[in-house]
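>>> just to be clear, the model below is a prediction. Sequence and coordinates:
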Amino acid sequence: MDYKDYYQILGLSRNASTDEIRKAYRKLAMQYHPDRNPDDKQAEERFKEINEAYGDLQDMQKEILKTFV
């Protein structure tokens, strides 16, 4: 299993805020969305990678919040 740096995928530093993560995700998701890039398999793969990164970062943040509450 390869290690994926989700912050790097979204172009962020490791101390990025929740808002910064969301903004970076939305920007990249629009840029690489399959509807905007029909027949572009590389854009489709990048879009999937961006979605995975955002989903996992959100899950990690939720877990962190649970430990402090």
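Sure, I can see it. Numbers count the residues shown, from 1 in each chain.

>>> nearest residue to the spatially most central residue of the chain other than its sequence neighbours?
What sits nearest the mean C-alpha location of the chain, by CA atoms, centre = their mean, is Tyr54, with 3.0 Å. Once flanking residues are discounted, Tyr54 sits nearest to Tyr25: 4.2 Å by CB to CB, 6 or more residues apart in numbering. The C-beta positions use only the backbone N, C-alpha and C, and glycine is treated the same way.

>>> isn't that neighbour right up against Leu10?
Yes - counting by CB atoms under 8 Å, Tyr25 touches Leu10, with 6.1 Å between them.

>>> shared neighbours of those two, anything?
Residues touching both Tyr25 and Leu10 (CB atoms under 8 Å, 6 or more residues apart in numbering) are 50, 53-54.

>>> closest to Lys4 out of those?
Nearest to Lys4 among these: Ala53, at 7.1 Å, using CB to CB.

>>> okay, now the closest one: neighbour count?
When counting by other CB atoms under 10 Å, one arrives at 22 neighbours for Ala53.

>>> secondary structure class for it?
helix (DSSP: H, G, I helix; E, B strand; the rest coil).

>>> my guess is it meets Gly11, correct?
No - shown here, Ala53 and Gly11 do not form a contact pair, counting by CB under 8 Å, at 10.1 Å.

>>> returning to that earlier point: in TSV: the shared contacts of Tyr25 and Leu10, plus distance to Asn37 and pLDDT.
Putting those into TSV (distance: CB to CB, whole Å; pLDDT from 0 to 100) gives the following:
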residue	distance to Asn37	pLDDT
Ile50	13	98
Ala53	18	97
Tyr54	18	97
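
>>> sweet, I'm off.
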